[in-house]
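# Show me the folded form of this:
(2 chains)
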2 protein chains.
Amino acid sequence: MIENLFELIKERKFAEARRALEDMNVVDVAEMFTEWAQKDDDEKQIVLAFRILPKEMSADVFSYLESDLQQKIVETISDKELGEILDELFMDDTVDFIEEMPANIVKRVIKVSSADDRKLINQLLMYPESSAGSLMTIEYMEVDNEWTVEYAIRKVRQQAQDKEIFVNMFVTDDRRHLVGILKLRDLLSSSDDEIVKNLIETDVISVCTHIEQEEVAEMFKKYDLVSMPVVDNEGRLVGIITIDDIVDVMEEETTEDIYKMAAMEPIEDSYMETGVFTLAKKRIVWLMVLMISATFTGMIIQNFDAVLTSNIILSSFIPMLMDTSGNAGSQASVSVIRGIVLGEIEFKNIFKVMWKEFRVSLVVGVGIALFDFIGVAIIYKDPLVAMVVGITIFCAIIAAKLVGCTLPIIATKLKLDPALMASPMITTIVDAVSLLVYFNVASYFLPLV
Amino acid sequence: MIENLFELIKERKFAEARRALEDMNVVDVAEMFTEWAQKDDDEKQIVLAFRILPKEMSADVFSYLESDLQQKIVETISDKELGEILDELFMDDTVDFIEEMPANIVKRVIKVSSADDRKLINQLLMYPESSAGSLMTIEYMEVDNEWTVEYAIRKVRQQAQDKEIFVNMFVTDDRRHLVGILKLRDLLSSSDDEIVKNLIETDVISVCTHIEQEEVAEMFKKYDLVSMPVVDNEGRLVGIITIDDIVDVMEEETTEDIYKMAAMEPIEDSYMETGVFTLAKKRIVWLMVLMISATFTGMIIQNFDAVLTSNIILSSFIPMLMDTSGNAGSQASVSVIRGIVLGEIEFKNIFKVMWKEFRVSLVVGVGIALFDFIGVAIIYKDPLVAMVVGITIFCAIIAAKLVGCTLPIIATKLKLDPALMASPMITTIVDAVSLLVYFNVASYFLPLV
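Modelled structure (predicted):
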């Protein structure tokens, strides 16, 4: 299908290609263009294909393209075509696009925009990235609380094509202050002469333009919202945020969390779009920090080299002890970090969580320790060493789970990101603990040569 | 505030309490009740508070409560009160509630429901958990493609209170087959005598009832949907899924991924609600598997005990080498796993990803190796050992990144969950690799005593 279309365009069978494109979903068209761009360096075909798109599709497709492809298209099309696309784009999509473009393209965009749009673009560009202001749509429907239902519905019908119409509308007074939320359902089901004021709910949840997008996403989740009004410092309505934008924010925030949990600084773009040196930079710092801390673990071994030289067999259990206690610790820390992110665990629950993890570690510890004791006793035929390994793993698992569950909670209290207390950090700490236990138990039970 | 309300109810100042409750958001009320239930075992106050809630709030608050609190409330209130709550609940919330209740409560719910509702409840209960069918709302607005705009708007206005009205409506033909999507905006902005058929878009993305919720969520993300129609095997419209339900699914799926990445089987309930033995069971299996694999790493050390006994100093670098290569590997694997989940990386990108990680590992490897070489040379004043450590860490980082990026991609090809190839699995493999390199390099450069 995709190959086919590419061929049609190459052979300049545009009418046929256009018919095929018309039936496709815009997201699929954008994906297809992206694939063409990856496979073939001949971008002329893509621009051709883009140009034969039905007008009502081209702006939509454009908004789904990666920025380098957007740039190539804009560099090829005329100012008139560019103007048509910009007319169709929502203002927040326009600003997202501008933010990624080089200066010459930004200039062209500004040139072909109307004076009003220019003002709006400049205003939106001023909001810090990843703030509520940069996330919001400004093409919302303004509803005055003195309107009648009949008038409001007429307005909605008039503006439905140009404004983002969502399940909720936000109502302002004569000084444009946000006063309440009007559910579309309540508007539609009321009689024509009812006044909007009487239909609104006044306990409306709103944010200021400067609030961080992560916080906005939290509020959407907590209150099960589908849209939210954004106000300026004086409480005047300036935009709305809809849930589809929040879904993207949630993905981004999750990616950030996951990166931090794996001891990386988060990247801004997608993995495939990020360069080698940026990736290396985001990774090497934590790798270095954790490596330096791991050398302390090494010093523990060095301190006990007499024990180790006397019983060189002990060294072969080091990887197993380190890995198992590290894994046990990261199981606890990851569970707790996720609980904190989901708003389920707070600092006040710290003792409840510790008590829970303590009991879990008893169950897991006994199981693993017995397994190890029997295993080592059978394979190495040395019950003393088996006992040392068993006791160590039991203590190490308890310590690992307690450290693993406590550190993320303490991090929240210190206003640090709990995700930083995930596996790698826990592993480093727990390694030291388990080796300390190991060599102390060993020097107690095993003979020095 | 919360304390205050609790006092008001204890002192039976109900009118005052009611006024305070009226002004609160339902989510906050539900949260407050939950906190009361945790702090105080005297549930009578909560049921009292629940009963004085304004009628239009109580069903909403009810739907946000944890199931044990729901159960306690239902056990106390009369059949009439229960009936009123059920009337207000959307059918999918009713079913979610029933699924968690013991048999005696289910019986009562069935008893107070109307015959029609009973049939619907039974029907919804039959869809497998976490399928599209169990996720959908059945109170949607049915629109026939032969209707005029005027008639459709009148219908919307009539049914707005009882049906889920969303930005899109789904249109059926006379045999109830799904034929297209009608945007509310297009309906509202069209002239009264237009026919619905002419306004719909026919490239509508729909799912069958039995499709897994994870797949549904993928489609929402890919196509930026806010709602989606659900059809039966014959293509008849049976329900709609809205994005607010998908947000919850996305959270669940992310939690599952994160648990798997930390070598745990996912839990069904939240962390705090899950029992100690269930948690232990979800963790011990993987811990055991990884422990057994780690013993192979131990055997490598055992094989080289001559090298180790001759140069016991080597043992103190084992934790650092293991941790650093483990971290380097998990950085790569987690980046790639996230890329796969976000649909950015597919099997066909495997060589591109490997080439990228190879270059990243060169940069990171040179940095870390130099740092280690200099550090060890200065601290231990032994350039030979410093060289062994430096060469090992360089090779180990390259191997770790390559293994870390390759395994998750191969997992997708084998239809395995890439998240299983995260840190713990990678660590275990990479440990073995780095120790093999270590001892081989060491036996080459260092004298045997």
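
# The helix or strand containing A:R108 - contacts with which helices or strands?
When secondary structure is defined by DSSP states H and E, A:R108 falls within helix A:103-112. Under the contact criterion of 3 or more C-beta pairs under 8 Å, 6 or more residues apart in numbering or on different chains; DSSP states H and E, helix A:103-112 touches helix A:67-76, helix A:79-88, helix A:91-100, helix A:115-125. No exception for glycine: its C-beta is placed from N, CA and C like everyone else's.

# and chain B, which of those helices is closest to it?
Of all those, helix A:91-100 sits nearest to chain B, with 11.3 Å by C-beta to the nearest C-beta.

# Tell me if the helix or strand of chain A with the lowest mean pLDDT is near chain B.
Within chain A, judged by mean pLDDT, DSSP states H and E, the helix or strand with the poorest mean is helix A:2-10; its value is a mean of 77. No. Residues of helix A:2-10 contacting chain B under C-beta under 8 Å from any C-beta of the partner chain: none, with a closest distance of 13.7 Å.

# Show me which positions of that helix end up buried.
A:5-6, A:8-9 (16 or more other C-beta atoms under 10 Å in any protein chain shown).

# Out of the residues you listed, which is nearest to A:L435?
Set against A:L435, the nearest of those by C-beta to C-beta is A:F6 (59.9 Å).

# That closest one and A:L53, how far apart?
Using C-beta to C-beta, to the nearest Å, one obtains 15 Å as the distance from A:F6 to A:L53.

# now swap in A:T242 and tell me
As judged by C-beta to C-beta, A:T242 and A:L53 stand 25 Å apart.

# Counting neighbours, go ahead and name the busier of those two.
The neighbour count for A:T242 versus A:L53, taken as other C-beta atoms under 10 Å in any protein chain shown, is higher for A:T242 (24 against 21).

# Hmm, A:K163 and the more buried one touching each other?
No. Taking contact to mean C-beta atoms under 8 Å, the distance of 11.9 Å between A:T242 and A:K163 leaves them out of contact.

# Once you drop chain neighbours, what's closest to A:K222?
Computed as C-beta to C-beta, 6 or more residues apart in numbering or on different chains, the closest residue to A:K222 that is not its neighbour in sequence is B:V27, at 6.1 Å.

# what helix or strand is that neighbour on?
Using DSSP H and E, B:V27 falls within helix B:26-39.

# can you pull the buried residues of that helix?
Neighbour count says helix B:26-39 has B:26-34, B:36-37 buried, by 16+ other C-beta under 10 Å.

# Nearest to chain A among these?
Ranked by distance to chain A (C-beta to the nearest C-beta), the buried residues of helix B:26-39 are led by B:V27 at 4.9 Å.

# Distance of that closest one relative to B:E344?
With C-beta to C-beta as the criterion, B:V27 and B:E344 are 34 Å apart.

# cool, A:S130 as well?
20 Å.

# just A:I241 next, same as before
A:I241 is 25 Å from B:E344, where distance means C-beta to C-beta.

# Look at those two and report which has more neighbours.
Neighbours per residue (other C-beta under 10 Å) separate A:I241 from B:E344, with A:I241 holding more: 27 against 14.

# which residues sit in contact with that one?
If a contact means C-beta atoms under 8 Å, 6 or more residues apart in numbering or on different chains, then A:I241 has A:132, A:135-137, A:207, A:216, A:227-228, A:230 as its contacts.

# how about the strands of the stretch 251-400 of chain A, start to end?
With DSSP state E, counting those that start in this stretch applied, the stretch 251-400 of chain A shows no strands anywhere along its length.

# where are the low-confidence patches of it?
Of all residues in the stretch 251-400 of chain A, none has pLDDT under 70.

# Out of the contacts of A:I241, which is nearest to chain B?
The nearest one, if we look at the contacts of A:I241 relative to chain B and count by C-beta to the nearest C-beta, is A:S227, at 10.0 Å.

# burial of that closest one, as a residue count?
For A:S227, the number of neighbouring residues by other C-beta under 10 Å comes to 21.

# For it, give the beta-bridge partners.
A:S227 forms beta bridges with A:T242, as assigned by DSSP bridges.

# Okay, strands next: where are they in the stretch 101-250 of chain A?
A:142-144, A:168-172, A:178-183, A:207-208, A:227-231, A:237-242.

# can you put the buried residues of helix A:2-10 in JSON lines and add distance to B:A306?
Shown next, in JSON lines, are the buried residues of helix A:2-10 (distance: C-beta to C-beta, whole Å):
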{"residue": "A:L5", "distance to B:A306": "66"}
{"residue": "A:F6", "distance to B:A306": "63"}
{"residue": "A:L8", "distance to B:A306": "70"}
{"residue": "A:I9", "distance to B:A306": "68"}
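
# If anything else comes up later, I'll come back, but that's it for now.
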